[in-house]
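Chemist: Dropping a prediction and its sequence here:
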Amino acid sequence: MNGIASIIGYGAYLPRYRIKAAEIARVYGRNPSSTPIKEKTVPGLDEDSLTHAYEAALNALRRAEIDPSEIEVVFVGSESPPYAVKPSATIIAEALGITPKLYAVDMEFACRAGTTALLSAVGLVHAGLARYGLAIGTDTAQGRPGDALEYTAAAGAAAFIVSKPRSDAVATIEAAYSYVTDTPDFWRREGQRFPRHGARFTGEPAYFAHIIGAAKGLMEETGLKPSDFRYVVFHQPNVKFPTRVAKRLGFTKEQLERGLLSGIIGNTYAAASPIGLVNVLDAAEPGDRILIVSFGSGAGSDAISLVVEDGITERRPKAPLLSSYIERSKEIDYALYLRFRGFICR
Amino acid sequence: MSYMNSVPRAWRERVTKYRLIGGRCKKCGKVFYPYRGSCPRCGSDDVERIELPKRGRVKYFTVVRSAPAEFKRYEPYVVALVELENGAIVPAQLTDVDADEVYEGMEVEGVLRRYREQGEDGIIEYGVKFRPVVGGGGEQ
Ligand SMILES: [Zn+2]
């Protein structure tokens, strides 16, 4: 349990509805057998990134087994908050019983915001400025109808509660390395409903350069190598990118597959690599080492190395596993999808 | 309508709505939702606030196919009387379930959802709705 801080509770949330990528391809006359994923999650009519975040946080609280009022930090990372101005963090904190002695704020850095929220909470807890911190990555991502992003833009949330290092925790964070540059691969201007992407920019100079930069930086600073990790989780905008970056960094399919869910849930943006980590924690054993590397456009990556603690065995069953949310699925067609996403004007 | 679009009302009700805060009469023991200052059974003012359990069963339900304007976009949806683990009965909307999937006795749990929007540019009100229980874990 040597490290910067421990995770004492973790949890995730996925909405009930799914749409198959082949159904989206059908509508636009594209080849249904060459889509980037199989299907993606779709939020219900009364859901948003805030309600997703609330349930993920509630699951993390169940595993942390602490009085919510002992939490002194709440960070919510998202690029799809329900309000442009008015924090989600305060509503989530009020609903969970965490207010009012609290340092709470929303964070935005495209798909990287979830791990950035986590590292920010870790920093305050490590510095002794807060006893417990809650960090959430959550999104209900939107793709413009007909755009390539529409196949993958999905919804979900993951949350973590951190404390000082302790052996009855779920896992302990031993190292972190962040890697950030100014890269215009994806953006949304103020007042615009949908984001745009610089198509040729999204791969090599954005996703690959930053993930590889952060992962290599962490391994160089710590002396760890790919074979030291039992599991690895990468940001997953599709299936191809994380599979390719794993190979380039020297990780195997066995290390990657438990934390790679984009093929069946889509790209959950700020929740994507955190949900991958949740699925790994649902199966990991004490002593396992995990590497998670996020990526957010604009652009940056956080690489975090964790070691699983003895407390995982007792804490894990106290909230639903991610598989419960994956199994709870109801398929909808493209027309219903448009209605759910508010794309039908009456 | 102006009462429904009142920001002070939504602010006063927020904790009650977010956390399912009910009342318990210290005189006759009646537990009720939502919280208010006097007992609906015996009229006593000696009432305390309690956070109600968020698990229960559907006791009665009905399908709303012609909703008031503010809930129009959710049609058709189910409203139910949910009997909570402690015996209290709360009126609630069900969510994440199709009308033809609901049955009396269905196990449900409370979740936080968007409840009402005060127009396109007004505040969003959140509150507890109930949905079929997910997974086996969770003790709250
Ligand atoms: Zn009474």
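Modeler: Perfect, thanks for sending it.
Chemist: Excluding residues flanking it in the chain, which one is nearest A:V27?
Modeler: Across the structure, with C-beta to C-beta, 6 or more residues apart in numbering or on different chains as the measure, the residue nearest A:V27 apart from its sequence neighbours is A:Y334 (4.8 Å). In short, each C-beta sits where N, CA and C put it, glycine included.
Chemist: who are the neighbours in contact with residue 32?
Modeler: With no chain named, the answer covers chain A. With contacts defined as C-beta atoms under 8 Å, 6 or more residues apart in numbering or on different chains, the neighbours of A:P32 are A:A21, A:A22, A:E23, A:A25, A:R26.
Chemist: The chain in question should be chain B.
Modeler: Taking C-beta under 8 Å, 6+ apart, one finds B:G22, B:G23, B:R24, B:C25, B:C39, B:P40, B:R41, B:A88 in contact with B:F32.
Chemist: mind checking pLDDT for the closest residue to chain B within the stretch 151-300 of chain A?
Modeler: Nearest residue of the stretch 151-300 of chain A to chain B: A:D282, at 10.6 Å (C-beta to the nearest C-beta). According to the model's per-residue confidence, A:D282 sits at a pLDDT of 98.
Chemist: For A:A148, give me the pLDDT.
Modeler: 89.
Chemist: Tell me how many other residues surround it.
Modeler: Other residues within reach of A:A148 by the criterion other C-beta atoms under 10 Å in any protein chain shown amount to 15.
Chemist: Surely A:G276 touches A:L260?
Modeler: Yes - A:G276 is within contact range of A:L260, at 6.5 Å (criterion: C-beta atoms under 8 Å).
Chemist: shared neighbours of the two, anything?
Modeler: With C-beta under 8 Å, 6+ apart applied, the overlap between the contact sets of A:G276 and A:L260 consists of A:V233, A:F234, A:Q236.
Chemist: taking these one by one, which sit in strands?
Modeler: Assignment to strands by DSSP state E places the following of the shared contacts of A:G276 and A:L260 there: A:V233, A:F234.
Chemist: is chain B contacted by whichever helix in chain A runs longest?
Modeler: Identified as the longest helix of chain A according to DSSP state H is helix A:49-64. Yes - between helix A:49-64 and chain B, judged by C-beta under 8 Å from any C-beta of the partner chain, the touching residues are A:L50, A:T51, A:Y54, A:E55, A:L58, A:N59, A:R62.
Chemist: Show me how to select, in PyMOL, the buried members of the residues you listed.
Modeler: Applying 16 or more other C-beta atoms under 10 Å in any protein chain shown to those, the buried members can be selected in PyMOL as follows:
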select buried, chain A and resi 50+51+54+55+58+59+62
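Chemist: Next, work out how far apart B:L84 and B:R55 are.
Modeler: To B:R55, B:L84 is 7 Å away according to C-beta to C-beta, to the nearest Å.
Chemist: Which of the two has more residues huddled nearby?
Modeler: With neighbours defined as other C-beta under 10 Å, B:L84 and B:R55 compare such that B:L84 has more, 23 against 18.
Chemist: A:S69 should be in a helix, yeah?
Modeler: Yes - secondary structure of A:S69 (DSSP: H, G, I helix; E, B strand; the rest coil): part of a helix.
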